[in-house]
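Peer 1: Have a look at this prediction, sequence included:
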Amino acid sequence: MHPTDFTLRGAIDALSEGTISSVELTQAHLDGIAKLNPRLNAFITVTAEKALAQAKASDERRAAGQVGALEGIPLAIKDLFCTAGTRTTAGSRILDSFVPPYESTVSQKLLNDGAVFLGKANLDEFAMGSSNTTSASGPVENPWSRANDPDTRLVPGGSSGGSAAAVAARLALGATATDTGGSIRQPAAFCGIAGIKPTYGRCSRFGIVAFASSLDQAGPVARTVEDCAILLKSMAGFDPKDSTSADMPVPDFAKACERGVKGLRIGVPKEYRLDGMAPEIVALWEQGLQWLRDAGAETVEISLPHAKYALPTYYIVAPAEASSNLARYDGVRFGMRVTEPGSDLRDLYERTRAAGFGAEVRRRIMIGTYVLSAGYYDAYYLKAQKVRALIRRDFEQAYADVDAIVTPATPSAAFGMDEKQDDPVAMYLNDIFTVTANLAGLPGLAVPAGLDGQGLPLGLQVIGRAFDEETVFAVGRTLERAAGFDALPRLRAGA
Ligand code: GLN
């Protein structure tokens with residue numbers, strides 16, 4: 001077996017049995033990166049030397065009997081998480097030269113548990129996108145391709161496209177990601193891996209470059225549901241440095257994976273049956289519900305009447321918060337500065353921001369400032385906030401009757417790198433099934449569940465009650481086991 005073929009759980013076991021060292025495991029992943037990253041572009045920065053030093057230190061700790069929960073496990077870190085001493089770009093030119101003096105809480109927790117960082121994973125600029133084509137470091141390619149059209153290069157989804165592509169291509173055992181409207185779940189589904197956006201507040205946002213603060217959540221992507229559970233356990237927990245982080249105990253998520261679904265009531269929202277949805281996705285959804293019934297769950301139709309407003313609501317709230325969060329990139333405090341002799345301060349701001357931000361980010365800033373502007377605030381932003389409250393209430397009412405909700409993860413499989421690029425609205429539709437969980441603050445897990453007619457992965461989504469990731473993992477693991485998803489992408493390390 002090639003060392004990059006381990007699951008994260010398998011690697012933990014192999015390390016503890018001593019059949020492999022962290023240095024060997026890390027080197028195998030670095031070799032895979034050296035071979036495939038020039039094509040996939042999943043990493044913006046590869047920290048090979050640091051990784052090998054961390055791996056060596058980990059092997060020494062293990063020899064001394066000190067073994068953390070992720071001791072010696074090589075991971076990729078989305079380049080939205082500040083990493084002390086390692087460049088953190090957020091996929092933007094404006095942070096091209098930013099080297100944070102501090103570590104994000106989530107990445108620090110992973111380091112505390114013994115993890116090894118291979119490098120910083122590519123992403124859409126400031127995590128805005130669904131195809132990882134807006135990064136200043138160039139697009140990421142999905143390691144999967146269509147069976148009858150292998151030459152068309154596909155997107156990995158976004159914004160955590162680098163994280164998902166790296167994990168799918170076996171360039172890392174797992175990765176950190178963030179999800180504001182679907183950026184963990186959609187790329188996980190497009191790349192045939194698992195990913196969970198936890199409940200809002202479960203993971204600290206401290207040291208994560210902010211996009212839309214009331215929606216952003218960190219979470220893991222990995223090749224199995226259990227691997228996600230192991231990573232989330234390390235990433236989660238109260239942090240006094242983030243006033244929105246929840247002071248709640250962190251359960252043993254991996255244990256919850258084995259709970260089964262007997263007696264659970266699974267909600268099936270009728271509003272998610274969209275006109276014109278691909279028949280393969282409808283069929284997979286039906287199949288998933290049947291698997292859950294076979295495992296002892298009951299499925300019930302529910303209604304989320306305001307779900308149809310979720311996408312427009314999201315695309316008002318998220319840009320509004322983004323326009324405010326991105327005001328800090330002014331050429332004075334962070335990264336890039338563009339100035340001319342004789343420039344005044346306003347000119348410095350304008351030149352820096354015009355040169356530093358890409359087209360999608362500028363579009364969001366303009367939408368955001370517009371919906372927040374004096375004349376339109378009530379009509380757009382305030383209205384969106386009211387609809388958001390109704391969307392949240394729909395879920396509360398549904399959860400009076402059901403334990404979890406199951407939907408497709410995305411309305412399609414991965415698309416071509418040059419498709420949908422000139423139509424922002426078609427791009428925004430990618431998030432139709434995922435944004436509701438962010439607006440309501442609920443946990444959502446994407447599980448690889450099948451292939452489309454072209455041999456591309458398709459995912460199902462499990463949405464749970466706030467802070468009930470355990471049930472989400474139990475349902476997800478049941479779907480994963482029934483699906484027996486074992487297809488492999490064409491481009492991968494060790495192949
Ligand atoms: N695709 C969505 C957007 O572009 C979600 C991005 C995300 O979750 N970070 O806003």
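Peer 2: Perfect, thanks for sending it.
Peer 1: For the residue of the stretch 201-350 of the chain found nearest the ligand, what is the enclosing helix or strand?
Peer 2: Residue of the stretch 201-350 of the chain nearest the ligand, by C-beta to the nearest ligand atom: Ala318 (5.3 Å). C-beta coordinates here come from the backbone N, C-alpha and C atoms, glycine included. Element membership of Ala318, judged by DSSP states H and E, is helix 310-325.
Peer 1: now do Ala76
Peer 2: strand 74-78.
Peer 1: what helices or strands is that strand leaning on?
Peer 2: Judged by 3 or more C-beta pairs under 8 Å, 6 or more residues apart in numbering; DSSP states H and E, strand 74-78 is in contact with helix 22-40, helix 105-112, strand 116-121, helix 161-168, strand 174-179.
Peer 1: Determine how far the third one lies from the middle of the whole chain.
Peer 2: Which is strand 116-121. 15 Å (C-alpha atoms, centre = their mean, to the nearest Å).
Peer 1: neighbouring strands for it, and are they parallel or not?
Peer 2: strand 43-46 (antiparallel), strand 74-78 (parallel) (DSSP bridges).
Peer 1: Tell me which of these lies nearest to the ligand.
Peer 2: strand 74-78 (10.1 Å).
Peer 1: picking that back up, which of the strands paired with strand 116-121 has the highest mean neighbour count?
Peer 2: strand 74-78 (a mean of 31; mean count of other C-beta atoms under 10 Å).
Peer 1: does the ligand sit close to that one?
Peer 2: No. Shown here: strand 74-78 not in contact with the ligand (C-beta under 6 Å from any ligand atom), separated by at least 10.1 Å.
Peer 1: which residue sits closest to Glu469, ignoring its sequence neighbours?
Peer 2: Pro443 (4.8 Å; C-beta to C-beta, 6 or more residues apart in numbering).
Peer 1: Please tell me how far that neighbour sits from Gly161.
Peer 2: In this view, Pro443 and Gly161 are 22 Å apart by C-beta to C-beta, to the nearest Å.
Peer 1: Name the residue in the two with the higher neighbour count.
Peer 2: Taking other C-beta atoms under 10 Å, Pro443 and Gly161 do not tie; Gly161 has more neighbours (38 against 27).
Peer 1: Mind checking what secondary structure the closest residue to the more buried one other than its chain neighbours has?
Peer 2: Residue nearest to Gly161 in three dimensions, not counting chain neighbours: Asn132, with 2.6 Å by C-beta to C-beta, 6+ apart. What DSSP: H, G, I helix; E, B strand; the rest coil gives for Asn132 is coil.
Peer 1: what's the answer for Ala474, then?
Peer 2: Per three-state DSSP, the local secondary structure of Ala474 is helix.
Peer 1: ok, how many other residues are close to the residue lying closest to it once chain neighbours are set aside?
Peer 2: Of all residues not flanking Ala474 in the chain, Arg259 sits nearest, at 4.0 Å (C-beta to C-beta, 6+ apart). By the criterion of other C-beta under 10 Å, Arg259 has 15 neighbours.
Peer 1: what are the phi and psi angles of Arg259?
Peer 2: The phi/psi pair for Arg259 (degrees, to the nearest 10) reads phi -70, psi -30.
Peer 1: got a list of what it touches?
Peer 2: 470-471, 473-474 (C-beta atoms under 8 Å, 6 or more residues apart in numbering).
Peer 1: if we take these, which one ends up nearest to Glu103?
Peer 2: Phe473 (27.1 Å; C-beta to C-beta).
Peer 1: Relative to the ligand, how far out is that closest one?
Peer 2: Taking C-beta to the nearest ligand atom, to the nearest Å as the measure, Phe473 and the ligand are separated by 21 Å.
Peer 1: Let me know how buried that residue is, in neighbour terms.
Peer 2: Using other C-beta under 10 Å: Phe473 sits among 30 other residues.
Peer 1: The residue nearest to Gly161: how many residues sit nearby?
Peer 2: The burial count for Asn132: 35, using other C-beta under 10 Å.
Peer 1: Can you read off the pLDDT for it?
Peer 2: pLDDT for Asn132: 97.
Peer 1: residues contacting it?
Peer 2: 122-124, 139-140, 155-162, 165, 187.
Peer 1: So which of the residues you listed reach the ligand?
Peer 2: Okay, of the contacts of Asn132 touching the ligand (C-beta under 6 Å from any ligand atom), that's Ser159.
Peer 1: just the contacts of Asn132 now: which is nearest Phe211?
Peer 2: Among these, and counting by C-beta to C-beta, the member closest to Phe211 is Ser159, at 8.3 Å.
Peer 1: dump the residue contacts of that closest one.
Peer 2: 91, 123-124, 127-130, 132, 178, 180, 183, 187.
Peer 1: ok, back up a step: now tabulate the strands paired with strand 116-121 in TSV and tack on distance to Gly201 and mean pLDDT.
Peer 2: Formatted as TSV, those follow (distance: least, C-beta to C-beta, whole Å; pLDDT from 0 to 100):
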stretch	distance to Gly201	mean pLDDT
strand 43-46	28	98
strand 74-78	19	99
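Peer 1: Turn those strands into CSV, including distance to Ile208.
Peer 2: Listed next are these as CSV, based on distance: least, C-beta to C-beta, whole Å:
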stretch, distance to Ile208
strand 43-46, 16
strand 74-78, 9
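Peer 1: what about Gly181, which SS state?
Peer 2: Relying on three-state DSSP, one would call Gly181 coil.
Peer 1: Which parts of the stretch 151-300 of the chain are strands?
Peer 2: 174-179, 194-197, 217-222, 265-269, 298-302 (DSSP state E, counting those that start in this stretch).
Peer 1: Just the mean pLDDT for the first one, thanks.
Peer 2: Averaged over strand 174-179, pLDDT sits at 98.
Peer 1: The third one too?
Peer 2: The average pLDDT within strand 217-222 is 98.
Peer 1: Correct me if wrong: Asp452 contacts Val282.
Peer 2: No. With contacts counted by C-beta atoms under 8 Å, Asp452 stays clear of Val282, the gap being 11.8 Å.
Peer 1: what about the two, which has more around it?
Peer 2: Asp452 (19 against 13).
Peer 1: Next one: the more buried one from Ile193, what distance?
Peer 2: Asp452 is 16 Å from Ile193, by C-beta to C-beta.
Peer 1: dump the residue contacts of the residue nearest the centre of the chain.
Peer 2: The structure's the chain has its C-alpha centroid closest to Ile184; by C-alpha atoms, centre = their mean the separation is 2.0 Å. Neighbour list for Ile184: 160, 177-178, 195-197, 219-221, 446 [criterion: C-beta under 8 Å, 6+ apart].
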